[in-house]
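Undergrad: take this sequence and fold it.
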Amino acid sequence: MIKRESWTEYVQRITQGVPRKEVAKAAGINVSGLSRWINAVGGRPRAEKVVAFARGLRQSPVEALIAADYLDPHEVAGVIEVVRSRGVIIELGERLTQGPTRHEVDDITGLLARPDDAREGFEDGQGFA
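TA: Okay, the predicted model is just below:
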(Lines give C-alpha, C1' and ligand atoms only; values in the text may rest on other atoms or scores of the structure.)
Protein backbone atom coordinates (compact mmCIF):
# COMPACT_ATOMS: atom_id res chain seq x y z
CA MET A 1 0.00 0.00 0.00
CA ILE A 2 1.27 3.46 -0.92
CA LYS A 3 1.73 5.89 1.97
CA ARG A 4 -0.13 9.12 1.44
CA GLU A 5 1.53 12.47 1.95
CA SER A 6 0.53 14.12 5.24
CA TRP A 7 -0.55 17.74 5.52
CA THR A 8 2.84 18.68 6.97
CA GLU A 9 4.70 16.85 4.19
CA TYR A 10 2.51 18.53 1.59
CA VAL A 11 3.13 22.01 3.04
CA GLN A 12 6.88 21.35 3.27
CA ARG A 13 7.00 20.16 -0.35
CA ILE A 14 4.91 23.03 -1.74
CA THR A 15 6.82 25.74 0.16
CA GLN A 16 10.34 24.32 -0.20
CA GLY A 17 12.90 27.02 -0.99
CA VAL A 18 10.44 29.92 -0.74
CA PRO A 19 10.71 32.38 2.18
CA ARG A 20 7.91 31.85 4.70
CA LYS A 21 6.85 35.50 4.56
CA GLU A 22 6.24 35.22 0.80
CA VAL A 23 4.32 31.95 1.19
CA ALA A 24 2.19 33.34 4.01
CA LYS A 25 1.36 36.47 2.02
CA ALA A 26 0.45 34.51 -1.12
CA ALA A 27 -1.68 32.07 0.88
CA GLY A 28 -3.37 34.73 2.97
CA ILE A 29 -2.25 33.32 6.31
CA ASN A 30 0.12 34.52 9.00
CA VAL A 31 3.70 33.30 9.22
CA SER A 32 3.21 31.69 12.63
CA GLY A 33 0.33 29.57 11.25
CA LEU A 34 2.50 28.50 8.33
CA SER A 35 5.33 27.60 10.71
CA ARG A 36 2.94 25.44 12.75
CA TRP A 37 1.90 23.59 9.59
CA ILE A 38 5.53 23.08 8.47
CA ASN A 39 6.59 21.86 11.91
CA ALA A 40 3.51 19.67 12.49
CA VAL A 41 2.45 21.62 15.59
CA GLY A 42 -1.26 21.54 16.41
CA GLY A 43 -4.08 19.86 14.54
CA ARG A 44 -5.10 20.03 10.95
CA PRO A 45 -6.34 23.33 9.55
CA ARG A 46 -9.97 23.98 8.66
CA ALA A 47 -10.95 22.94 5.15
CA GLU A 48 -11.45 26.58 4.13
CA LYS A 49 -7.85 27.37 5.11
CA VAL A 50 -6.59 24.34 3.18
CA VAL A 51 -8.38 25.46 0.01
CA ALA A 52 -7.27 29.09 0.42
CA PHE A 53 -3.68 27.97 0.99
CA ALA A 54 -3.66 25.82 -2.16
CA ARG A 55 -5.30 28.46 -4.32
CA GLY A 56 -2.97 31.16 -3.03
CA LEU A 57 -0.02 29.07 -4.11
CA ARG A 58 -1.66 28.03 -7.39
CA GLN A 59 -1.97 24.41 -6.35
CA SER A 60 -4.87 22.01 -6.65
CA PRO A 61 -7.31 22.45 -3.75
CA VAL A 62 -8.31 18.81 -4.19
CA GLU A 63 -4.72 17.65 -3.66
CA ALA A 64 -4.48 19.84 -0.56
CA LEU A 65 -7.76 18.48 0.83
CA ILE A 66 -6.46 14.95 0.34
CA ALA A 67 -3.19 15.79 2.13
CA ALA A 68 -5.16 17.38 5.00
CA ASP A 69 -7.24 14.19 5.20
CA TYR A 70 -10.56 15.82 4.27
CA LEU A 71 -10.89 13.68 1.13
CA ASP A 72 -9.73 10.21 0.16
CA PRO A 73 -8.16 9.81 -3.28
CA HIS A 74 -10.82 7.29 -4.33
CA GLU A 75 -13.50 9.93 -3.69
CA VAL A 76 -12.09 12.19 -6.40
CA ALA A 77 -10.94 9.64 -8.96
CA GLY A 78 -12.27 10.30 -12.43
CA VAL A 79 -14.03 13.28 -13.89
CA ILE A 80 -16.56 15.19 -11.83
CA GLU A 81 -19.18 16.92 -13.92
CA VAL A 82 -21.86 19.28 -12.72
CA VAL A 83 -24.99 18.93 -14.81
CA ARG A 84 -27.64 21.60 -14.86
CA SER A 85 -31.13 20.66 -15.82
CA ARG A 86 -32.47 22.68 -18.75
CA GLY A 87 -35.88 22.75 -17.07
CA VAL A 88 -34.50 24.40 -13.94
CA ILE A 89 -32.73 27.06 -16.00
CA ILE A 90 -35.89 27.80 -17.99
CA GLU A 91 -37.97 28.05 -14.81
CA LEU A 92 -35.41 30.35 -13.20
CA GLY A 93 -35.45 32.60 -16.27
CA GLU A 94 -39.24 32.77 -16.21
CA ARG A 95 -39.29 33.65 -12.51
CA LEU A 96 -36.74 36.40 -13.00
CA THR A 97 -38.72 38.01 -15.82
CA GLN A 98 -42.06 37.89 -13.97
CA GLY A 99 -41.17 40.17 -11.06
CA PRO A 100 -42.98 40.16 -7.73
CA THR A 101 -46.74 40.22 -7.42
CA ARG A 102 -48.43 43.20 -5.75
CA HIS A 103 -49.16 41.01 -2.71
CA GLU A 104 -45.45 40.12 -2.36
CA VAL A 105 -44.49 43.80 -2.54
CA ASP A 106 -47.06 44.68 0.14
CA ASP A 107 -45.74 41.89 2.36
CA ILE A 108 -42.14 43.08 2.20
CA THR A 109 -42.92 46.77 2.63
CA GLY A 110 -45.10 45.93 5.62
CA LEU A 111 -42.15 44.12 7.18
CA LEU A 112 -39.80 47.02 6.55
CA ALA A 113 -42.05 49.79 7.91
CA ARG A 114 -42.11 50.51 11.63
CA PRO A 115 -45.66 50.46 13.05
CA ASP A 116 -45.35 54.05 14.40
CA ASP A 117 -44.41 55.69 11.16
CA ALA A 118 -45.66 53.30 8.52
CA ARG A 119 -47.70 56.05 6.88
CA GLU A 120 -45.51 59.02 7.85
CA GLY A 121 -44.77 61.24 4.88
CA PHE A 122 -47.55 59.78 2.74
CA GLU A 123 -50.35 62.15 1.81
CA ASP A 124 -51.99 60.38 -1.08
CA GLY A 125 -52.74 56.77 -1.86
CA GLN A 126 -49.84 56.58 -4.29
CA GLY A 127 -47.14 57.13 -1.69
CA PHE A 128 -46.23 60.65 -2.79
CA ALA A 129 -46.04 63.46 -0.23
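
Undergrad: so, low pLDDT: which residues of the protein?
TA: 1-2, 78-86, 88-89, 99-129 (pLDDT under 70).

Undergrad: ok, longest helix in it?
TA: Using DSSP state H to define each element, the chain has its longest helix at helix 86-98.

Undergrad: for that one, buried residues please.
TA: By 16 or more other CB atoms under 10 Å, helix 86-98 has no buried positions at all. C-beta here means a position set from N, CA and C on the backbone, and glycine is covered the same way.

Undergrad: ditto for stretch 58-76
TA: Applying a neighbour-count criterion of 16+ other CB under 10 Å, one finds 59, 61, 62, 63, 64, 65, 66, 67, 68, 70, 71 buried in stretch 58-76.

Undergrad: in helices only, show me those residues.
TA: Going by DSSP H, the helices hold 61, 62, 63, 64, 65, 66, 67 from the buried residues of stretch 58-76.

Undergrad: and of those, the nearest to residue 24?
TA: residue 64 (15.6 Å; CB to CB).

Undergrad: contacts only, for the nearest residue to the closest one once chain neighbours are set aside.
TA: Counting by CB to CB, 6 or more residues apart in numbering, residue 54 is the residue found nearest to residue 64 once chain neighbours are left out, at 3.7 Å. Residues in contact with residue 54 (CB atoms under 8 Å, 6 or more residues apart in numbering) are 60, 61, 63, 64, 65.

Undergrad: need the residues you listed in TSV with distance to residue 34, can you?
TA: Shown next, in TSV, are the contacts of residue 54 (distance: CB to CB, whole Å):
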residue	distance to residue 34
60	19
61	17
63	18
64	14
65	18
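
Undergrad: and of these, the nearest to residue 91?
TA: Nearest member of the contacts of residue 54 to residue 91, counting by CB to CB, is residue 61, at 31.5 Å.

Undergrad: still on that earlier bit, other SSEs contacting the longest helix of the chain?
TA: Helices and strands touching helix 86-98, by 3 or more CB pairs under 8 Å, 6 or more residues apart in numbering; DSSP states H and E: there are none.
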